[in-house]
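[1] this is a predicted model, with the sequence first.
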Amino acid sequence: MTNQDSNTNLHKKLAADNSLPSEIKKLISKSLTRRNVLAGVGAAGAAATLAACGGGGGSADANTVRWANWTLYLDYDSEKQTYPTLDAFEAQTGINVSYKEDVNDNDEFYGKVQGQLSLGKDIGYDLVVLTDWMAARWVRLNYAQKFSADTVPNKKNIIPTLASPSFDPNREQTLPWQTIMAGFTWNKEKIPGGIKNFDQFFAPANKGKVEVLSEMRDTMGVIMLSQGVDITKFTEDQFMNAIDFLQKKIKDGFIRQVKGNDYKEDLISGDAIAVIGWSGDTFQLATENNGKFGFAIPEFGGTISSDNMMIPTPSTNAAGAQKLMNYYYDPVVAAKVAAYVNYVCPVAGAQEELLKIDPALGNSEFIFPTAKTSAKLNIFRGLTAAEETKFQTAFQTAAGNA
């Protein structure tokens, strides 16, 4: 069967599927005409495939920007095995980009590079993308270089709600790449009714096929929200109560694993059918797998955070990295990325550009959330250094990693 025949059949299935929300149906249908992604490629497989067309993380080159990012986080043409917006950047600037999907988990990546960072040695990257709390650590430890409005003038396009975080109030060392919603993801064939609460998430039929994120703030944030806790100002006792809940679900055999970005592989294989996952991942997985995965913000609320571009202090090509950051804050370019990744776009003006490309995506609540959707999303409060150590240790112990 040809790809065209497969897509035609999938469009028919989507049209007949009354259980699929109309917006998600539109997103998946539009995605199929927008890109042809190889179904079933997980984090490891994708890394191997994409390494062939990118490289990255190697020795310094004055004309190359080495970029580490998460999987499925940049527009990709599977037929040509290239990244269209990166191709355009290289053609415009003459700067090469060595792009690697080398971030699976914030702590895991940090563990690989912290030793070199502490010694001021090149870590093999000129640009990295890490989540708010880890970005805050890099800023606190002076591991991220400063840049200015002169070198990254398009940073003026950042949406107002993200313009002044406590860890980088002037956005001199970080710039959001995408903003992430965490909630419930499920296999629609196994759980046709969907998931809105923990009673459904931990239903007896799901036992042993549930996974949660190794990103502590997302997993613990969702658990605490389910317990009625305000995660913008929770106490240590409230956090530890949620840890007890997590530990019990692991001990009882409901939760099979606590995983990073590679939880997607287990959804594809069927080893997991219900996860605390990320919205953009779900839409891409649905596109690649006949629309079989669903996502919802829990009825009690979900979490929201940003992944941030940063230039490591030992970078040998900060100038090139700043040009790349500036390029991706052009609303036209940001719209092209948003159309692929389906995460919340941090660039003002991108919605207007995406409406020109694809009205369904331009009006998507999951890329440009309205106030109603945003009201369901919560930011995990900042932690002191002591809290971060204590809470992360408790989380890793519960997960069986400490």
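    Received, thanks.

[2] mind listing the helices in the stretch 201-350 of the chain by residue range?
    For the stretch 201-350 of the chain, the helices defined by DSSP state H, counting those that start in this stretch cover 216-226, 236-251, 263-269, 279-288, 318-328, 331-341, 350-357.

[3] which helices and strands does the fourth one pack with?
    Pointing back at helix 279-288 there. Here helix 279-288 touches helix 22-34, strand 175-187, helix 263-269, strand 293-296, going by 3 or more CB pairs under 8 Å, 6 or more residues apart in numbering; DSSP states H and E. Any C-beta I mention is one placed from the backbone N, CA and C, and that applies to glycine too.

[4] please export the C-alpha coordinates of the last one as PDB.
    Output in PDB follows, covering the C-alpha atoms of strand 293-296 (Å, rounded to 0.1, in the frame of the first residue of the first chain):
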ATOM      1  CA  PHE A 293      -3.600   8.200  21.000                       C
ATOM      2  CA  GLY A 294      -5.500  10.900  22.900                       C
ATOM      3  CA  PHE A 295      -4.500  13.700  25.300                       C
ATOM      4  CA  ALA A 296      -6.500  15.700  27.800                       C
END
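
[5] which strands border it, and is each parallel or antiparallel?
    strand 175-187 (antiparallel) (DSSP bridges).

[6] report the inter-axis angle for the partner strand versus helix 318-328.
    Compare the direction of strand 175-187 with that of helix 318-328 by axes from the mean of the first three to the mean of the last three CA atoms, to 10 degrees and you get 60 degrees.

[7] quickly list the domain ranges of this protein.
    What automatic domain parsing lists as the domains of the chain is 43-176+308-362, 180-304+378-399.

[8] what mean pLDDT does the longest one get?
    Model confidence over domain 43-176+308-362 averages 90 on the pLDDT scale.

[9] next one: stretch 376-385
    pLDDT averaged over stretch 376-385 gives 90.

[10] for stretch 198-208, same thing?
    What stretch 198-208 shows for mean pLDDT is 97.

[11] reformat the domains of the chain as JSON lines; add mean neighbour count and distance to residue 369.
    JSON lines is the format used below for the domains of the chain (neighbours: other CB atoms under 10 Å; distance: least, CB to CB, whole Å):
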{"stretch": "domain 43-176+308-362", "mean neighbour count": "19", "distance to residue 369": "6"}
{"stretch": "domain 180-304+378-399", "mean neighbour count": "19", "distance to residue 369": "8"}
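
[12] quick check: which of these is nearest to residue 368?
    Residue 368 sits nearest to domain 43-176+308-362 of all the domains of the chain, at 4.7 Å, using CB to CB.

[13] residue 146 and residue 313, how far apart?
    Between residue 146 and residue 313 the distance is 9 Å, computed by CB to CB, to the nearest Å.

[14] quick one, what contacts the closest residue to residue 338 other than its chain neighbours?
    Among residues not flanking residue 338 along the chain, residue 345 sits closest, at 4.2 Å (CB to CB, 6 or more residues apart in numbering). Each residue near residue 345 by CB atoms under 8 Å, 6 or more residues apart in numbering is listed here: 178-179, 334-335, 337-338, 351, 354, 367-368.

[15] residue 397: which of the helices of the stretch 201-350 of the chain is closest?
    Nearest of the helices of the stretch 201-350 of the chain to residue 397, taken as CB to CB: helix 236-251 at 8.0 Å.

[16] for that closest one, what is the average pLDDT?
    The model assigns helix 236-251 a mean pLDDT of 98.

[17] tilt between that helix and helix 216-226?
    100 degrees.

[18] give me the residues contacting helix 236-251.
    With contact meaning CB under 8 Å, 6+ apart, helix 236-251 is reached by 202, 210, 212, 219-220, 223-224, 227, 229, 255, 258, 387, 390-391, 394-395, 398-400.

[19] return the alpha-carbon coordinates of that helix using PDB.
    Provided in PDB are the C-alpha atoms of helix 236-251 (Å, rounded to 0.1, in the frame of the first residue of the first chain):
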ATOM      1  CA  GLU A 236       6.900  20.000  52.100                       C
ATOM      2  CA  ASP A 237       4.200  17.800  53.800                       C
ATOM      3  CA  GLN A 238       1.900  18.100  50.800                       C
ATOM      4  CA  PHE A 239       4.800  17.100  48.500                       C
ATOM      5  CA  MET A 240       5.700  14.100  50.600                       C
ATOM      6  CA  ASN A 241       2.100  13.000  50.800                       C
ATOM      7  CA  ALA A 242       2.100  12.900  47.000                       C
ATOM      8  CA  ILE A 243       5.400  11.000  47.100                       C
ATOM      9  CA  ASP A 244       3.700   8.400  49.300                       C
ATOM     10  CA  PHE A 245       0.900   8.100  46.700                       C
ATOM     11  CA  LEU A 246       3.400   7.600  43.900                       C
ATOM     12  CA  GLN A 247       5.400   5.100  45.800                       C
ATOM     13  CA  LYS A 248       2.300   3.000  46.600                       C
ATOM     14  CA  LYS A 249       1.200   2.900  43.000                       C
ATOM     15  CA  ILE A 250       4.600   1.700  42.000                       C
ATOM     16  CA  LYS A 251       4.700  -0.900  44.700                       C
END
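
[20] ok now that helix, how far from the chain's centre?
    On the basis of CA atoms, centre = their mean, to the nearest Å, helix 236-251 sits 25 Å off its chain's mean C-alpha point.

[21] so residue 113 is in which element?
    Using DSSP states H and E, residue 113 sits in helix 106-118.

[22] from the chain's centroid, how far away is whichever helix or strand comes after that helix?
    Using DSSP H and E, the helix or strand that follows helix 106-118 towards the C-terminus is strand 127-131. Centroid separation for strand 127-131 versus its chain: 11 Å, with CA atoms, centre = their mean.

[23] quick one: strand 127-131 to strand 175-187, angle?
    Going by the same axes, to 10 degrees, strand 127-131 makes 50 degrees with strand 175-187.

[24] after strand 127-131, which helix or strand is next? Please name it.
    helix 132-140.

[25] ok and that following helix relative to strand 127-131, angle-wise?
    Using the same axes, to 10 degrees: helix 132-140 against strand 127-131 is 130 degrees.

[26] what's helix 132-140 packed up against?
    Other helices and strands packing on helix 132-140, by 3+ CB pairs under 8 Å, 6+ apart, are helix 106-118, strand 302-310, helix 385-399.
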